[in-house]
Every structure is written in C-alpha cells, then in structure tokens.
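**Q** Build me a structure from this.
(one chain, ligands or ions: 1)
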Amino acid sequence: MTAYLTRVIRFSAAHRYYRTEWSDERNYAVFGACANPHGHGHNYTLEVMVAGVPDPATGFSVSLAQLDAVLRQEVITSLDHQNLNFAIPEFGDGGLIPTTENLVIWIWNRIATLLPARLVRLRLYEEPGLFVDYMGEPSPPDPDRPRFV
Ligand code: NI
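**A** Take a look at the predicted model:
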C-alpha cells in the first residue's frame, strides 16, 4: 500500500528571460517585460511528492528529516535569494532560459536520486496562479511486455 506524501517549501529568486544571440527587439517580442535588463523576482512554492509504503512500526513512509535535509541542501541553499541567471550555470548566457518549466526540471534532476523515497511529482508555483508539474520522463517501452494490437 503506497502512500503519497507531499512536502511544501518556499524560496525566492530572481531571473531574466533573454537570449544573448537575439536582438533586443526579438527578445522583447518573445519575452516581453521578462526581458528587462535588471531582472525581477518571484516567491516560488515547490511541492515535492514522494511515494512510500508506511513502515508497520512507525507509520512513516519516508524519513522527513532526510527529505528536508536534501531539500534544504539542494534546493534552498542553491536557489533562495539568488539570481538564477548568474547562480546556476545551466541558466547562464546562451544556456537555458530560467522559466518555471526549465527550473522544475532542473530541480528534479538535482534531487531525484538523492531523496530517501521515490520522487513522483514536482509542482513548482511561480505565483499563485501559475505552476508547472514535472513527473520525470516516461519509461521507454519494455520490449518484453506483451503487445495487444
Ligand atoms: Ni518572471
């Protein structure tokens, strides 16, 4: 019997959407005010869902202490009160644009193998009315699985 536990954490970070290989005109056409030169900030909320079977003795499906330690070390310390374009090499000039989509995938790749339970879903809110879910990539088809066509 699998339980799905969600931990919610918050951090604040700044970003700018801008491709250095594009003209200012093209950047503003695509990114609007998000291309403004000095960036802007968001108060992010991250929901971290993990799956686990409750231990018969404790009733716990995951070590919250270990979960929190990973989130503190790998998410809060890395991102909180940072400018993502400068603090995270992947979001530097010529790299990925630090959108909510790219950021939630970046967080997944950073924490999935470090968590004490199987990561099921990340939901990253950039603001109360906008969030992105990421659940990893689908597994490749199993060649041994029977096919019904
Ligand atoms: Ni923004």
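**Q** distance between stretch 135-149 and the chain's centre?
**A** Between the centre of stretch 135-149 and the centre of its chain there are 25 Å (Cα atoms, centre = their mean, to the nearest Å).
**Q** correction: stretch 124-131
**A** In terms of Cα atoms, centre = their mean, the centre of stretch 124-131 is found 12 Å from the chain centre.
**Q** just stretch 46-56 next, same as before
**A** Computed by Cα atoms, centre = their mean, the chain-centroid distance of stretch 46-56 equals 17 Å.
**Q** Buried ones in the lengthiest helix in the chain, by neighbour count?
**A** Counting by DSSP state H, the longest helix found in the chain is helix 100-111. For helix 100-111, the neighbour count (16 or more other Cβ atoms under 10 Å) marks 100, 102-108, 110-111 as buried. Bear in mind the C-beta positions are built from the backbone N, C-alpha and C, glycine included.
**Q** what about the helices in this protein?
**A** Using DSSP H, helices in the chain cover 24-31, 64-71, 77-79, 84-87, 100-111.
**Q** what does the shortest one rub up against?
**A** For helix 77-79, the surrounding residues in contact (Cβ atoms under 8 Å, 6 or more residues apart in numbering) are 11, 13, 44, 87-88, 107, 110.
**Q** Could you dump these into TSV with distance to residue 67 and pLDDT added?
**A** Shown next, in TSV, are the contacts of helix 77-79 (distance: Cβ to Cβ, whole Å; pLDDT from 0 to 100):
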residue	distance to residue 67	pLDDT
11	16	98
13	21	98
44	18	98
87	23	98
88	22	98
107	14	98
110	14	98
